[in-house]
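Colleague: Predicted structure and sequence below. I'll ask about it afterward.
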Amino acid sequence: MADDKTQSAKKMDVRYVANLARLSLTDDEAVQFQGQLDHIVEYFNQLRALDVEGVEPMAHATPVQNVFREDEVRPGLDRDLVLKNAPEHSPELIMVPTIVE
């Protein structure tokens, strides 16, 4: 069964793929990309030949861990000092120009 997949993959045509992607290729580009596509398919065929029996599927090559720090209460900025440095402010808010009306 793997041979069927290998043979059908070898017949992949770059012009067909370009048509699906709605790309127009020159003859030189088609020749260049066909060679590159053949190399890619050849590499996938090598991977397909590997024995992966007993290998657990994974989403990441390395374990993913939570890297967030613990939540801890810390002092915030002094309101009076912040308002004092704002170009415009009301008694409790920093005033900014209206962007959306």
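Modeller: Thanks, I have the structure now. Numbers count the residues shown, from 1 in each chain.

Colleague: for the protein, which helix is longest?
Modeller: helix 27-48 (DSSP state H).

Colleague: and that helix, which residues are buried?
Modeller: 33-34, 41 (16 or more other C-beta atoms under 10 Å). Placement of C-beta: from N, CA and C, glycine included.

Colleague: Report the backbone C-alpha coordinates of the very next helix or strand once past that helix in PDB.
Modeller: Next in sequence after helix 27-48, counting helices and strands by DSSP states H and E, comes helix 79-85. This file holds the C-alpha atoms of helix 79-85, laid out as PDB (Å, rounded to 0.1, in the frame of the first residue of the first chain):
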ATOM      1  CA  ARG A  79      -2.200  58.100  41.100                       C
ATOM      2  CA  ASP A  80      -1.300  61.700  42.100                       C
ATOM      3  CA  LEU A  81       2.200  61.300  40.600                       C
ATOM      4  CA  VAL A  82       0.800  59.900  37.300                       C
ATOM      5  CA  LEU A  83      -1.800  62.500  37.000                       C
ATOM      6  CA  LYS A  84       0.700  65.200  37.700                       C
ATOM      7  CA  ASN A  85       2.800  64.000  34.700                       C
END
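
Colleague: which residues sit against helix 79-85?
Modeller: 89, 92, 94 (C-beta atoms under 8 Å, 6 or more residues apart in numbering).

Colleague: what mean pLDDT does it have?
Modeller: In this model, helix 79-85 has an average pLDDT of 90.

Colleague: Could I get the buried residue list for it?
Modeller: Neighbour-count burial for helix 79-85 [16+ other C-beta under 10 Å]: Leu83.

Colleague: about what we covered before: relative to Glu101, which of the buried residues of helix 27-48 is nearest.
Modeller: Proximity of these to Glu101, judged by C-beta to C-beta, is greatest for Phe33, which lies at 51.1 Å.

Colleague: What about the closest residue to that closest one other than its chain neighbours, how many residues nearby?
Modeller: Using C-beta to C-beta, 6 or more residues apart in numbering and skipping residues adjacent in sequence, the residue nearest Phe33 is Val14, 4.6 Å away. The burial count assigned to Val14 is 19, neighbours taken as other C-beta atoms under 10 Å.

Colleague: Tell me where the model's unsure across the protein.
Modeller: 1-11 (pLDDT under 70).
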